[in-house]
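# test case, fold it:
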Amino acid sequence: MLETDPKYQIAPCGVNCLNCKIHDSNLTEEYKLKVAEFLGIAPEEVHCKGCRTEKGNCLFIPGECATWACTQKKGVTYCFECDEFPCRLLAPSAKGANRLHNIKVYNLCRMKFFGIDAWLEESAHIEKLYYEGEFIVGEGPVLNHDPE
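Numbers count the residues shown, from 1 in each chain. From the prediction side, this is the model:
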């Protein structure tokens, strides 16, 4: 995979790095300052080119990401290729996990069953449903203007 390939910007865990606010393509000066203050680092240290380019090193994780290390050890590109998928490393949490973490398994399942290209086409809609949708029991998240 080449760095210019959109698939290269999908972390092994199912996060689309191009949709992350800290990715260099999305990082604003205002957000950079907020992150720097939150982490207690200089603003020029706030940057990210995606999990694959950064080799599993994330500003928000002390040391190497355990999920990244696992995929490297097992020789898989994406977690859904692993015989143990889904595992505890991907489990959602109501406390402490951010929104990107809590939709990883859903993203990976969609990639596995429909293909990465199809998932890339729908990933923006998936995130819109997650962030802006209203959850309806038995139906999942829906948008007021969403015909589905």
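# list the buried residues for the lengthiest helix in the chain?
Among the elements of the chain assigned as helix by DSSP state H, the one spanning the most residues is helix 116-132. Judged by neighbour count using 16 or more other CB atoms under 10 Å, the buried positions of helix 116-132 are 116, 119-120, 123, 126-127, 129-130. (Glycine included, C-beta is placed from N, CA and C.)
# now stretch 32-44: buried residues?
32, 35-36.
# of those, closest to Cys82?
Val35 (30.8 Å; CB to CB).
# for the nearest residue to the closest one once chain neighbours are set aside, what are its contacts?
For Val35, ignoring the flanking residues on the chain, the nearest one in space by CB to CB, 6 or more residues apart in numbering is Val46 at 4.8 Å. Applying CB atoms under 8 Å, 6 or more residues apart in numbering, we find Val46 in contact with 22, 27, 32, 35-36, 39, 59.
# quick one: which two of these are the most distant?
Top of the distance list for those (CB to CB): Leu27 and Leu39, 13.6 Å.
# quick check on the nearest residue to Thr77 once chain neighbours are set aside: phi, psi?
Distance criterion CB to CB, 6+ apart; nearest residue to Thr77, sequence neighbours excluded, is Pro12 at 6.6 Å. For Pro12, the backbone dihedrals (degrees, to the nearest 10) come out as phi -50, psi -30.
# what do you get for the one 4 residues further on?
The phi and psi torsions at Asn16 (degrees, to the nearest 10) take the values phi -80, psi 100.
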